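[1] how would this look folded up:
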Amino acid sequence: MRGMIEDALRSFAEDDLSYIEDIADRDDEVDAIWDSVFRESITYMMEDAKKITPFTHYLMVSRHLERCGDHACKIAEKVHYKVTGEHIEIK
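    As a prediction, the model looks like this:
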């Protein structure tokens, strides 16, 4: 996650798209991790009601980290436009 943001900002600062070539793949990995964390957390919470509060916090943190990855992709989209003049959408 941190690397995605650093690379997106470095790409912006240097007008160099090489830092963000694989950012969509990296975001897919982050999304997959989020999905896994979500499913496992729900399972644990269903098994033991005492785990609901800590796992709810865990889910919130995980979701915010996933959103950081989405923001890195948005930065990458803007950098791509800045360098090439072409709009792209990273999903």
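[2] residue contacts, Asp31?
    Shown in contact with Asp31 (C-beta atoms under 8 Å, 6 or more residues apart in numbering): Glu66, Gly69. C-beta coordinates here come from the backbone N, C-alpha and C atoms, glycine included.
[3] quick one: the spatially most central residue of the chain and Lys51, what's the gap?
    Central residue of the chain (C-alpha atoms, centre = their mean): Gly69, 2.0 Å from the mean position. Distance of Gly69 to Lys51, computed by C-beta to C-beta, to the nearest Å: 26 Å.
[4] same deal with Tyr44?
    In terms of C-beta to C-beta, Tyr44 sits 5 Å off from Lys51.
[5] please apply the same query to Ile75.
    Taking C-beta to C-beta as the measure, Ile75 falls 35 Å from Lys51.
[6] any idea how far stretch 84-91 is from the chain center?
    Put simply, stretch 84-91 sits 17 Å off its chain's centre (C-alpha atoms, centre = their mean, to the nearest Å).
[7] Glu89 in helix, strand or coil?
    Judged by DSSP: H, G, I helix; E, B strand; the rest coil, the three-state class of Glu89 is coil.
[8] list the contacts of Glu77.
    Counted by C-beta under 8 Å, 6+ apart, Glu77 has contacts His87, Ile88, Glu89, Ile90.
[9] buried stuff in the helix or strand hosting it?
    For Glu77, the enclosing helix or strand under DSSP states H and E is helix 52-84. Within helix 52-84, the residues that qualify as buried by neighbour count (16 or more other C-beta atoms under 10 Å) are 55, 58-59, 62, 66, 69, 72-73, 75-77, 79-80.
[10] try stretch 15-27
    Within stretch 15-27, the residues scored as buried using 16+ other C-beta under 10 Å are Tyr19, Ile20, Ile23, Arg26, Asp27.
[11] same question for stretch 28-46.
    Buried, per 16+ other C-beta under 10 Å, within stretch 28-46: Val30, Trp34, Val37, Ser41, Met45.
[12] is it correct that Trp34 is in contact with Arg63?
    Yes - in this structure, Trp34 is within contact of Arg63 by C-beta atoms under 8 Å, at 6.8 Å.
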